[in-house]
Each structure stands twice: as structure tokens, then as C-alpha cells.
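Asker: please work out how this folds:
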Amino acid sequence: MPKFLMKRWHGYHVILLAVIAALTSAALMYFEWRLGTAGFVLLAIMGVVVIRARIQFERDLAEYISTLTYRVNKAGEKAVTKMPVGMLLYNEERMIQWTNPYMQHVTEEELTGASLDELSGELLELVNEEKRSFFIKVGTENYRITHEPDERLLYFTNATEEQEVKEKFQREKTVFAFIYLDNYDEVTQGMDDQLRSRLLSHVTEALTRWSREHDILIRRTSSDRFIAVFNEGTLADLEADRFTLLDEVRENTQEEKVALTLSIGIGSGDPSLRELGALAQSSLDLALGRGGDQVAIKERNGKVRFYGGKSNATEKRTRVRARVISHAVRDFIRESDKVFIMGHKNPDMDSIGAAIGMLKIAEANDKDGYIVLDPDDINQSVKKLLKEVEEDRSLWARFISPDEAREEVTSGTLLIVVDTHKPKLVQEARLLDKVERTIVVDHHRRGEDFIDDAVLVYMEPYASSTAELVTELLEYQPRQPQVNTLEATALLAGIIVDTKSFAIRTGSRTFDAAAYLRSRGADTTLVQKLLKEDLDHYVKRSKLIEQAHIYSGGVAIARGYSDETYGQVLIAQAADTLLTMNNVIASFVISKMDDGRISISARSLGDVNVQVIMEKMNGGGHLTNAATQLDNMTEEEAETLLKDKIDEYFKGGQSA
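Answerer: Coordinates of the predicted model:
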């Protein structure tokens, strides 16, 4: 405490004593005037002391205030001129009015009178947005900016070292990866030991060289699995390189007349090592679910990035797996009191056929099954099939609306979703929340958006269609379902439509499934009848194809007339037709649908991964067959966006 304040404290004591003395002297005067007189003399002396103390206190206070003001002003002056913090004042026109001397360390140029964008264009933008705190780079240095919009004042603090520490910390965070040889078992089955050893040596040499170049710790855990540990800095380098390891392994093993492909699942972010391992495994499952030969990178926040996916998925599922899944489906059905089956919105032939197949499995296990179908959301291509179904009263009685399905859901209801795995695409999304147990059967490559907590997932991107998968499940049911001609035909029609009459994505198992259905009475003549098109439909498709032009590198793009709407089937057929033209390696057809949305149907011969392009536009599908629907957009805007994504695809090295 300052001395003059202590004196002031003592002065208060003197005043108190003086009051006490005055009262005492008055009392003594009453009893003894001599003592009272002495008291008043003493009181006078004390008064003189108090007055002098008061004068001294005011003098000390004035001196203290004067000294403190000087020191504060001096400190403020030094803060403005000497402290390592830049200060800048600007006016309403964003012109610099004044800077302190430290700003010469920020830039050697004279700033007074210049515009803020001369110092940094980014700075002007952030100031206009009235950001309070942000970072900018001036020259080679990073600065933290504290902004006082009301005062139009900016503080510059050098944060270069801080940013370098942050960047170093980010680059050194641990990343965990699982590496898997997709088709090792299939390729090496029956192979002699010498050739198998030579084939694996190509893989291990490539992985060893890759790990040495990028400072990666890699360990083999089994004949077809590896674990890798590295950091975020290495991951950034690998992403910039777009994981050329995938191409290297595929090309090197092709020297042995076979091709091994890799899938890599990576977990990144800043969770614990245990969580990183879980993310890496989830990423690997996602990569394999999309057909393999690619890298999936999943962060803690759920974001996923894909690279690779250039090769067509090869058929490698086994009949053992189909039999196991079939028995598991039977067990779940038997544990339920009823079964609901639904496909995707605007269902096609594959979705309806697969749903009918699953209905027959439910019936074979003595359970009531129902197919959820919205009568107001029916694909034009399946209307002929549904007319045939309506004539079969027992089968048509098993079709119910989404509203009816929601009302009849019980705690024991089993929901089977076919031909899609995305919650936003199912026929009735609200059923997913009401039903406790869900089975997913699909042949599409797995996307980021997936139905949560499914009790059983049967996803085979190597299959031609969901109808093919369901046909195999029918075959392996212990109690063979009674399938009539119409039901078998519906399943066969789903296979024929998705394979373009067995022309694409067709494996030996596809023909086996078709043979089984034919033995159960599938009518190929009826299939042709169901797939017939009207003359007006044909002419309209031809006019749409007439609008096509070659955009870049053999990519054909057709855009429908803005005053016309087109059905999804017509759009897909137009894309298929464009793909048959000379020098066309990929085709895209853009048009408006009846519901006002813009649809894009994409096809390729395998050289272009159209699924990747469609996924960037919130769609999906297969490497050679994909689509998307866009809201609140015109055909012209959709074409511009599509061209941007095509350019990005070719420029970016065809990442998945």
C-alpha cells in the first residue's frame, strides 16, 4: 500500500481520537475545569496535526497520480512503438490511415494511404465479414489478426512458429491401415507352390519398396493381410500420389498372367489407437463392399475419401457363403411374426423381382410376407409386370402401401430391404425406425450412407443383380419354395434388365441363376413382352440421343429439352444406346423427370468409373452403370456441374 494511503489511514485514527478527546474534555469541564482546559489544549494540538496530515496527504496523492499518469502514458507509448505487435487503423473505405512502427516488420512497403487488399486480399475479405480473430499469411510469415470492427483497428501478432508447431503436430498424428489382397484365395486356388511364391513376391516387393519410400511400418499378419502404421504427413503424400501402389501391384502381378488387387482401409484423425483400428477395419469393409481394388480413408467425424477403384469387380463370392446367408435368412424369418419387404423408391424390375423372391422365402418358412409398394411411385418399366401381378390375386394381396405397413408393424416384425442399402432411397424410410430388425440384400457397391444396425447384410457388388442373389437364396432354402411361372419370370426379368440381356456384369453364377429360374417355369417370351416399349417411347428416346455431343476424351453428353420430361427408364436406355456409338467410352444423359428433379444416367465400358463421378453428385451405382437425381437445378446447371466433375475426375487421376 502506498505510504500516503497509509498516512490517510492513520489520519482517520487521529480524527476518531480527536472526537473522543473532545467528548472527554467536555465531561471533565463539568466536573473539573482544570482537567477540561488541559483536554481542550490537547484537542487543539491534535487539530493542528490532523490539518497538517491532510495537507501532506493531498500533496502525496497529487504526486502519486502525476507519476502514475506519466508511467501509464510512457507504457502506452512503448506498447504502441516498441512491443512486437503490429497495429493498423483503417477508415470506412478500407484505406489504411495509420500503422505503428512494428508494421515495418510485417511489410517493408509504406502502408499509410494504401488499401487493405494491397497488404492481403484475404485480409480485406475477412475484414468485410467482420471476423474478430483469424490467421493470414503476409510474405513468408503467418500472423494472427485480432480485429476490432468498432474501432476499425487490427492487431498483428506473428504466429509463424505457432503455426509450424501445429502443422508438425498434425503431420505426426498416427494413422492406422489394414491392407488386404482382394482375390488372393481365388487366384491362388490350385496354383503350384512355385508360381504362388513368385506371385506373392511381386506383392511383398512392391509393399516393401512402398513402405521404405514413405517411411511406413508394415507387418504381415497372414497370407493376404498386412498392417501398416504411419502418420498424417505420409498420408497426405500418399493422397497426393493417389495411391499408385494399387496400380503397381496389379500391373506387376499381371506378369504372371493373373492380377492380384489390393484394398486398403485407413483410419485417421486423433482418436485412440483402438479407435483408429476400428476406423481402419470399417474403411476396409467399405472398400471391399465397393468391389475392392481401392483405398477408403475414414476420419473420426465420419468423413470418407476413396481412391482407386479402376478395375471391374471380378466374381469371387462362393456358394458356401450363399448357403450360409440363405440359412441365416431362414432363421431370422422363423423368429419373426411377419415379414415386410421393400426396395428403393421408383422401383425397377430388379427391385420388384427381388422383393417377390424374398416373399417366396418367407412363405416357404410359414410366415406372412408383404411387399411395401407406393402406388404413386412406380417406375414406368414395371407397370406391365404389376398388371400381370394384379391378375394373380394371391400374389397381389401381398402388396401393401407404406401407410398400411407402418400401421401393422409389431415388435416381432422383420424388414428385408432389397436392391439398395441407402436409408434415403428406400421405399418408406420411416419403417427403418419402427422395425427393430432389418436385413439388407443388395448388389451395388457400398456407399458412405448405409442402413444402421442391420442384423444381416448380404452385399455382393460382383453379382449382376439383386434378383440373382435372391435366386441363389431361394435355391439353398431347406424347404424349396413353390415358385410359379410369373414369380420366376419376374426374377429373370430383373436379371435380364440389369445385365442388358446378359451383355454386362455377367458371370457364370448369373447363368446358373437364370437356368434355375428357367427350370421353375420362367417364361422368356413373357419377359420380352414385359420389356417391350411403345413407338412413342422409342421416338422420344431417339430425339434425346439426337442432342448428344462429345465433350472430352470420348465422353458423350446428351441433354433433354427443357420443356419436356423423361422417365428414368428412357434416360437409362438413351445412355446405353450412346455407349454403343463409335469412339464413345462413357455416356451421360441429363433430363428433367416428371417430379421436377433433374436425373443423370451414366454408362461406361469400364475405362471410366462413372460411379465415382455420380457419387460426387450425391448419386452412386457401379463402375460402369450409375445415376443421380438433383433437386432445385436446371438442365443447364446440371450439365455445367457434370462437366466440372468429369474434368475433376480426369485431372485427379480417377480416384474412387
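Asker: next, the buried residues of stretch 508-517.
Answerer: 509-510, 513-514, 516-517 (16 or more other CB atoms under 10 Å). Quick note: C-beta positions are derived from backbone N, CA and C, even for glycine.
Asker: tell me how the chain divides into domains.
Answerer: 3-81, 86-166, 182-308, 319-530, 535-651 (automatic domain parsing).
Asker: closest to Lys173 out of those?
Answerer: Smallest distance to Lys173 across the domains of the chain (CB to CB): 4.6 Å, for domain 182-308.
Asker: what residues sit buried inside stretch 176-189?
Answerer: Buried residues in stretch 176-189 (16+ other CB under 10 Å): 176-184, 187-188.
Asker: state the mean pLDDT of it.
Answerer: What stretch 176-189 shows for mean pLDDT is 85.
Asker: with adjacent residues omitted, what lies nearest to Asn346?
Answerer: Asn379 (5.0 Å; CB to CB, 6 or more residues apart in numbering).
Asker: pretty sure that neighbour contacts Ala572?
Answerer: No. Between Asn379 and Ala572 there is no contact under CB atoms under 8 Å: 10.3 Å.
Asker: relative to Gln294, how far out is the residue positioned nearest the centre of the chain?
Answerer: By CA atoms, centre = their mean, the chain has its centre lying nearest to Lys303, at 3.7 Å. According to CB to CB, to the nearest Å, Lys303 and Gln294 sit 16 Å apart.
Asker: follow-up on the earlier one: of all the domains of the chain, which one is nearest Glu172?
Answerer: domain 182-308 (5.1 Å).
Asker: ok now that closest one, how far from the chain's centre?
Answerer: 21 Å (CA atoms, centre = their mean, to the nearest Å).
Asker: ok, stretch 357-368 next?
Answerer: Distance, centroid of stretch 357-368 to centroid of chain: 37 Å (CA atoms, centre = their mean).
Asker: other residues contacting it?
Answerer: Stretch 357-368 is contacted by residues 329-330, 333-334, 336-339, 341, 369-371, 398, 416, 418, 441, 467, 470-471, 473-474, 477, 479-483, 487, 490-491 when judged by CB atoms under 8 Å, 6 or more residues apart in numbering.
Asker: filter the residues you listed down to the ones in helices?
Answerer: Of the contacts of stretch 357-368, the ones assigned to helices by DSSP state H are 329-330, 333-334, 467, 470-471, 473-474, 487, 490-491.
Asker: count of neighbours near the closest residue to Met617 other than its chain neighbours?
Answerer: Spatially, and ignoring its direct neighbours in sequence, Met617 is nearest to Thr628 (4.6 Å; CB to CB, 6+ apart). The number of residues packed near Thr628 is 22, by other CB atoms under 10 Å.
Asker: and if you look at Leu570?
Answerer: 24.
Asker: just the buried ones from the ones in helices among the contacts of stretch 357-368?
Answerer: By 16+ other CB under 10 Å, these give 329-330, 333, 467, 470-471, 473-474, 487, 490-491 as buried.
Asker: low-confidence ranges in the stretch 301-450 of the chain?
Answerer: Across the stretch 301-450 of the chain, the ranges flagged by pLDDT under 70 are 309-318.
Asker: the same query, at a cut-off of 80, please.
Answerer: 301-303, 308-321, 379-381, 445-448 (pLDDT under 80).
Asker: and the helices in it?
Answerer: Along the stretch 301-450 of the chain, the segments classed as helices by DSSP state H, counting those that start in this stretch run 319-334, 349-364, 383-391, 393-396, 402-408, 429-434.
Asker: show me where pLDDT drops low in the stretch 551-656 of the chain?
Answerer: In the stretch 551-656 of the chain (pLDDT under 80), the answer is 568-569, 594-595, 621-623, 651-656.
Asker: ranges for the helices of it?
Answerer: Under DSSP H, counting those that start in this stretch, the stretch 551-656 of the chain gives helices at 568-579, 610-615, 635-651.
Asker: could I get these in JSON lines, plus columns for distance to Asn365?
Answerer: Formatted as JSON lines, these follow (distance: least, CB to CB, whole Å):
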{"stretch": "helix 568-579", "distance to Asn365": "34"}
{"stretch": "helix 610-615", "distance to Asn365": "35"}
{"stretch": "helix 635-651", "distance to Asn365": "46"}
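Asker: looking at those helices, which is buried most?
Answerer: Ranked by mean neighbour count, these are led by helix 610-615 with a mean of 25 (mean count of other CB atoms under 10 Å).
Asker: show residues contacting that helix.
Answerer: The contact list for helix 610-615, computed with CB under 8 Å, 6+ apart, reads 306, 309, 445, 447, 586, 588, 600, 602-604, 620-628, 642, 645-646, 649, 654-656.
Asker: do the same with stretch 639-651
Answerer: Residues outside stretch 639-651 that contact it (CB under 8 Å, 6+ apart): 551-553, 555, 557, 559, 588, 590, 600, 608-609, 612-613, 616-617, 630, 633, 655.
Asker: restricted to buried residues, select those residues in ChimeraX.
Answerer: The buried subset of the contacts of stretch 639-651, as determined by 16+ other CB under 10 Å, is captured in ChimeraX by this line:
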select :551,555,557,559,588,590,600,608,609,612,613,616,617,630,655
